[in-house]
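> A structural model of the following input is requested.
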Amino acid sequence: MTDERRFTSSVISDVNQLAMDWAKEHAGELLGTKWYDGEKSPDPSEKWPVSESTRMAIRKIMTEAFGRETRMSDLVQRVQDATGFPKERAEVIADTEVSFAQSRGNLEAWQRMGVVRSIRWSTSMLHTERDACDLNAEAGAVPIGHLFPSGDPAPPAHIGCRCVAVIAELNETKRKH
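Residues are numbered from 1 along each chain as shown. Predicted structure coming up:
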């Protein structure tokens, strides 16, 4: 294995570890909730209410998924088995939780490296309806660690969000001559 491949593999492993750490602390916490006046509370319209034990099961499943190579279909099946939710809902949960963990893992890696000064919210080509993502994209570059107008530090902002954070500006690095 070349040094470049070894470095790339190490970086991917480190980011996966950060994603796993995020999942261990946060996966499932938004299931069955809505935001009212800046406060998270149970969603009264929720067709399938989500208990704390369900959130903990999702957290465990997601943490384990980032601990080893896991196919999305296997992840969906594990979510479905643990929750009893229909396949479609299990797919949405698995997809959303993976998006959050990967995004937050990348964000944490960028912050730890100290080379990223600001990031931009980039909407997906699949983005069709105006929502908080548009406001985030219109905000332009935001210093890393600060929040976008939606209150999120990086995408996703909602279920099904396909937006990504992109580096807008790097910190100056001092070079030795």
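
> residue 146 falls within a helix, correct?
No - Residue 146: not assigned to a helix; according to DSSP: H, G, I helix; E, B strand; the rest coil it is coil.

> correct me, but it touches residue 140?
No - the criterion here is CB atoms under 8 Å, and residue 146 misses it with residue 140 at 12.0 Å. Where C-beta positions appear, they are placed from N, C-alpha and C, glycine not excepted.

> could I get the full set of strands for this structure?
Taking DSSP state E as the criterion, the chain carries its strands at 33-36, 39-42, 116-122, 142-143, 164-170.

> overlap in contacts of residue 146 and residue 140?
Contact criterion CB atoms under 8 Å, 6 or more residues apart in numbering; residues shared by residue 146 and residue 140: none found.

> could you find the closest non-adjacent residue to the residue nearest in space to the middle of the chain?
Closest to where the C-alpha atoms of the chain average out (CA atoms, centre = their mean) is residue 100, at 1.4 Å. Excluding the flanking residues, the one nearest residue 100 by CB to CB, 6 or more residues apart in numbering is residue 156, at 6.2 Å.

> wait, what's in contact with the one you found?
So residue 156 contacts 96, 99-100, 103, 162-163 (CB under 8 Å, 6+ apart).

> ok, now with 7 Å
96, 99-100, 103, 163 (CB atoms under 7 Å, 6 or more residues apart in numbering).

> pick the one among those residues closest to residue 59.
Minimum distance to residue 59 across these is 11.7 Å, recorded for residue 100 (CB to CB).

> please report the distance of the closest one from residue 153.
For residue 100, the distance to residue 153 equals 11 Å [CB to CB, to the nearest Å].

> identify the contacts common to those two.
Counting by CB under 7 Å, 6+ apart, nothing touches both residue 100 and residue 153.

> which parts of this protein are helices?
3-26, 52-67, 72-83, 87-113, 132-138 (DSSP state H).

> residue 122: which of the ones you listed is closest?
For these, the distance to residue 122 is smallest for helix 132-138, at 6.7 Å, taking CB to CB.

> list the buried residues for that closest one?
132-134, 136-137 (16 or more other CB atoms under 10 Å).

> in a markdown table: those, plus pLDDT and distance to residue 81.
As requested, these are exported to a markdown table (pLDDT from 0 to 100; distance: CB to CB, whole Å):
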| residue | pLDDT | distance to residue 81 |
| --- | --- | --- |
| 132 | 91 | 33 |
| 133 | 93 | 32 |
| 134 | 95 | 37 |
| 136 | 96 | 35 |
| 137 | 97 | 37 |
